[in-house]
Structures are given as structure tokens and as C-alpha cells.
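>>> below is the sequence, then the predicted model.
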Amino acid sequence: MKRDRRARIVATLGPASRAPGTVKALAQAGVDVFRLNFSHGSHDDHEAALKAVRGAEIALQRPLGVLADLQGPKLRLGRFKDVEIEVKPGHRMRFDLDPTPGDETRVQMPHPEIFKALREGMLLLLDDGRVRLRVGERTDEWCDVTVESGSKLSDRKGVAVPEAIIPVSALTPKDREDLNFALRLGVDWVALSFVQKAEDMAELKQIVKGRAACLAKIEKPQAMADLESILDYCDGVMVARGDLGVEMPAEEVPVAQKKIIRAARQRGVPVIVATQMLESMTSAPAPTRAEASDVANAVYEGADALMLSAETASGAYPMEAVGIMNRIMERVEGDPLWPGLMDAEHAGMDDIDADALVAAARKAAEAQSTACVVVFTTLGGTARRMSRERPLKPILALTPKPETARRLALVWGLETRLGKEPASLEDVTEDALSSAVQYEMAEPGQRVLILAGTPFGAPGAANLLRLAHVPTKGRARK
């Protein structure tokens, strides 16, 4: 089963979609990577979902990735005596550490780290930004606040502090437990929520130790300020527009999205655009025109993947959501304007042989007689380099490692398949040509570009670029 598009689809599994038959149907409809959201569901739920993905992978003979999305630190208010209070602009109250149920004058905020980070005049956002507060007098144990906008507050609403770095680890005790479980299951990607600084990702990578690829969710203004350093520790990055849109003005979110995509593409780091892509399809069988344009624009920007959340996890139309996203992607990539946009920006290259070879391969792939590029990769580095260049010809990535194939399922333009480790240059050529024909990427007489590294079987950067033609009969022409 081969995709007719380069951009990839990530779909969240949940009550509406984790049954094995549904997972297989979603993969057939276009899903490349399945997300397990550890903010919801039990470990048993996630284990069953992963088994369903692996079963679909065997049935469809196509690598499918699994992304474990950790919840991250959730900062919340305490409880109110009457569950909910009325507020209005100008209303004053106090937040403190006292667990006694609150009222209109005070309520618990059980996070001493927030009090320590606050300064007079700072903004607090509650309930996904529905209530805006300004900090007045404060200590390390309480603060007085004045309501700027909002109408009501209820138990356990979330707290956001967009103007301060909160001195908490991005990995909570729950996250550490979930992470250990996910790694035991054998997930392919791990996403860290509410990343604020590069050290958060460094901590995750130290724990994971290469057992999965690590992805940073950019959903805080502090992460935008430290984006380049965070990318140093990333195998992937997500534009998490939901919480990002809470903590910064709405007009800033599209600008942040473009900045993240451009920075990630320059480095060859896979980038996912997420949240509310087709939100209305949670309860409707078709998207709004604005949502269709939103999906299309992310594809025009060259994002590696787009993500569906509630649309597939709990929505009434998970299959339709995947289907329409797939069709929008294919339509954009069929637009005569799209190739020019992909060719307009290429990543900067390091002065190394692999980057020089990849640049040469991209240039050679522009020739009309070239059918595809075949990349032999062990750990995925050469394939990601090739993807970074956004060549318009298909890329077939062959790897002997199932874990590499599954991680590369997230990466733009890669049709990844398992293949045996070549033992010689002759094997490389024969395997590349036969695989290109087998997966319907080349026909007899067409030229195939082959990118590989020697010595064969040893992880390392590509140092071999070869041109060969699919034979019409007999042996291949070099």
C-alpha cells in the first residue's frame, strides 16, 4: 500500500477508534502514525491500541508509527465550596496554598512554584484563557489578583502563566510512570508536553536512551523564545496550537506556526501541525471551508505531518476526518503552484559528504527521466536528510530495522519498507531496482537514484550515490 502524497497524517486513538478493525481501516484511509494520548485512557487501553496498530501493520504490509503523548504538568486551581463562583471585571480575590474549599474571596492554587515565579503586574490565564487576571501584591505563599475579563470560575480549572518560566520539571511523576510503560510497550515516538527550555528535552532524551524518538510539543511562549536550543535536542517537533493559543494572542499563533515549521525544516527535524485541524468534524461529517484551508496551508508550508485529535479519538466521524484530510493533501500536492513552494526553500548544509551527496541527489532527481530515489538507511539519518531537501520525486527508504521504518513513517515524502542489509555494491543496485519496481515507483527503462553508505551494514552517513536504470530485460544498466 503506497501513499499518493508526501505529507503524513497522525491520528489520535480513543474510544471512537481503538478497535482493531477501525485502526486498520484508518490506516487504509491514510493514517501513517497513531497517537496514544496519555492525558486520557488507562494503560490497558493504550496497550490494546498499540497491539491493534501492530496488527494493522502486518495486515497492510506497511510500517505504521506509534506516538506516546505524555500529559505534562497540569497547573490547576483547587476546589470551591459551591463548585462554581461568578466573577466580573474588577473582581478581586486571593490565591493561596490553603486546601480549604474556596469562595468569591479566595481559593487554593496548590503550586508554590507558581507563587515563586509571579511578579506584580503579570498576567494569569484560567480555564483556557476564558478568565484573565492581573497579579497584584504577592508572596511565596499567596497572591492577590484582579479579574480583567471572564464571567465564572469552577473547580480545578487550568492555570497558565504566559509571562514566566515556572520552575517545574516537564516530566511529572505520572509522566515518568507513563513513559516507562510506553517504552516497555515499544512505542516509536515520545512527545513531551509543555516544554519550556532545552533542558526539558535533554532530560527526556537521557531517560529514553534511544529506545524511541523524542518530540517536543511547542505550546508555551517560553519555548518559542528558546526554540533553536530546544531543536538541538529534538528528533521531532509539534506545533501544539491549542495551549499555544491560550498563552499568546490569537494573531501570534499563525506567525509562530510558520517560524517553527521553517526552523524545523532547516534542520531536517520532522514537524507536526496539530490541534483543531478539522475540529468541527468531531460532530459533523464535513469540515468548514476555513478548516480545509487550514489543512491546505500547512501542506503548502511543507509540514511533515498534520494531526487529528478529538476528530478521531472521540468524534462521530473518524473515518471521514481522515479521508477528507487525505484528499486535501493530495489536492494541494497536485496544485501546479506546490512544486515551486517546495523548491523555494532548501535547508542549509553542513560541510560533510552526506549533505553534499544528498544535495546532488536532489538535483539529479529533477531530471524527467528519474523515476525515484532509493535510500538505504540503518538508523534513518540519510533518509531524513533526503526528505529535508523536499525532492518532488518519490523517495523509497529501505531499512533492515523495523523500529527505524516505524519512526520514519512520520517523515515527509518517505515510503519506508523493510529490506535486507545489502552485502555488496551489486546487492545495493539489484535491491534498489527490484524494490522500486515492486513498490510501483519505477518502470522498466526508467532511471533510479541510489543513496547508500559503506561499509554496508554499519550505521553511518551516506557516502555513495549511484545512478541505475531498471532493466527492460537482463541486468541493470549502471
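Cool, the structure landed. Numbers count the residues shown, from 1 in each chain.
>>> in the stretch 151-300 of the chain, where is pLDDT below threshold?
For the stretch 151-300 of the chain, no stretch is flagged by pLDDT under 70.
>>> all strands of it, in order?
Taking DSSP state E, counting those that start in this stretch, the strands of the stretch 151-300 of the chain run over residues 152-154, 159-160, 189-192, 213-218, 236-240, 271-274.
>>> same question, the stretch 301-450 of the chain
305-308, 370-376, 395-399, 414-418, 447-452.
>>> now distance to Lys74, mean neighbour count and mean pLDDT too, for those strands, in TSV please.
The C-beta positions use only the backbone N, C-alpha and C, and glycine is treated the same way. Below are the strands of the stretch 301-450 of the chain laid out as TSV (distance: least, C-beta to C-beta, whole Å; neighbours: other C-beta atoms under 10 Å; pLDDT from 0 to 100):
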stretch	distance to Lys74	mean neighbour count	mean pLDDT
strand 305-308	20	26	98
strand 370-376	41	26	95
strand 395-399	38	26	97
strand 414-418	35	22	97
strand 447-452	45	24	94
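>>> got these as a markdown table, with distance to Met281 columns?
What follows is those, written out as a markdown table (distance: least, C-beta to C-beta, whole Å):
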| stretch | distance to Met281 |
| --- | --- |
| strand 305-308 | 8 |
| strand 370-376 | 34 |
| strand 395-399 | 30 |
| strand 414-418 | 27 |
| strand 447-452 | 39 |
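>>> pLDDT on stretch 357-364, on average?
Average pLDDT, stretch 357-364: 87.
>>> still on that earlier bit, Asp45 is nearest to which of the strands of the stretch 301-450 of the chain?
Nearest to Asp45, of all these, is strand 305-308, at 18.0 Å by C-beta to C-beta.
>>> closest one to Ser435 among the strands of the stretch 151-300 of the chain?
Among the strands of the stretch 151-300 of the chain, strand 213-218 comes nearest to Ser435, with 24.0 Å by C-beta to C-beta.
>>> save the strands of the stretch 151-300 of the chain as JSON lines, and put in mean neighbour count and distance to Ala361 too.
Converted to JSON lines, the strands of the stretch 151-300 of the chain look like this (neighbours: other C-beta atoms under 10 Å; distance: least, C-beta to C-beta, whole Å):
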{"stretch": "strand 152-154", "mean neighbour count": "17", "distance to Ala361": "57"}
{"stretch": "strand 159-160", "mean neighbour count": "20", "distance to Ala361": "45"}
{"stretch": "strand 189-192", "mean neighbour count": "27", "distance to Ala361": "26"}
{"stretch": "strand 213-218", "mean neighbour count": "26", "distance to Ala361": "24"}
{"stretch": "strand 236-240", "mean neighbour count": "27", "distance to Ala361": "23"}
{"stretch": "strand 271-274", "mean neighbour count": "27", "distance to Ala361": "22"}
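>>> between those, which one is nearest to Pro339?
Counting by C-beta to C-beta, Pro339 lies closest to strand 271-274 out of the strands of the stretch 151-300 of the chain; the figure is 19.8 Å.
>>> hang on, the earlier thing: for His40, which of the strands of the stretch 151-300 of the chain is the nearest?
strand 189-192 (14.2 Å).
>>> extract the CA atoms of that closest one and return them as CSV.
Extracted as CSV, the C-alpha positions of strand 189-192 are listed here (Å, rounded to 0.1, in the frame of the first residue of the first chain):
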residue,chain,number,x,y,z
TRP,A,189,7.9,8.3,19.3
VAL,A,190,7.5,10.0,22.7
ALA,A,191,6.1,13.6,22.8
LEU,A,192,6.9,15.8,25.8
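>>> who touches that strand?
For strand 189-192, the surrounding residues in contact (C-beta atoms under 8 Å, 6 or more residues apart in numbering) are 33, 35, 65-70, 72, 170-171, 179, 182-183, 200-201, 204, 208, 212-217, 235-236, 238, 407, 410.
>>> at 6 Å instead, please
If you take C-beta atoms under 6 Å, 6 or more residues apart in numbering as the criterion, strand 189-192 is touched by Leu67, Ala68, Asp69, Leu70, Ala170, Leu204, Ala212, Ala213, Cys214, Leu215, Ala216, Lys217.
>>> what would those look like in JSON lines with distance to Asp128?
Formatted as JSON lines, the contacts of strand 189-192 follow (distance: C-beta to C-beta, whole Å):
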{"residue": "Leu67", "distance to Asp128": "23"}
{"residue": "Ala68", "distance to Asp128": "24"}
{"residue": "Asp69", "distance to Asp128": "18"}
{"residue": "Leu70", "distance to Asp128": "20"}
{"residue": "Ala170", "distance to Asp128": "20"}
{"residue": "Leu204", "distance to Asp128": "25"}
{"residue": "Ala212", "distance to Asp128": "30"}
{"residue": "Ala213", "distance to Asp128": "29"}
{"residue": "Cys214", "distance to Asp128": "27"}
{"residue": "Leu215", "distance to Asp128": "23"}
{"residue": "Ala216", "distance to Asp128": "21"}
{"residue": "Lys217", "distance to Asp128": "16"}
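>>> which one of these is nearest to Thr377?
Nearest to Thr377 among those, counting by C-beta to C-beta, is Ala213 at 13.9 Å.
>>> what's across from that closest one in the sheet?
Following DSSP bridges, Ala213 is listed with bridge partners Trp189.
>>> relative to Trp189, how far out is it?
Distance of Ala213 to Trp189, given as C-beta to C-beta, to the nearest Å: 5 Å.
>>> do the same with Met122
Met122 sits 35 Å away from Trp189, going by C-beta to C-beta.
>>> would you map out the domains in this protein?
For the chain, automatic domain parsing gives the domain ranges 8-72+169-336, 84-160, 353-469.
>>> between those, which one is closest to Gly78.
Closest to Gly78 of the domains of the chain is domain 84-160 (C-beta to C-beta; 2.9 Å).
>>> endpoints of that closest one, how far apart?
With C-alpha to C-alpha, to the nearest Å as the measure, domain 84-160 spans 19 Å from end to end.
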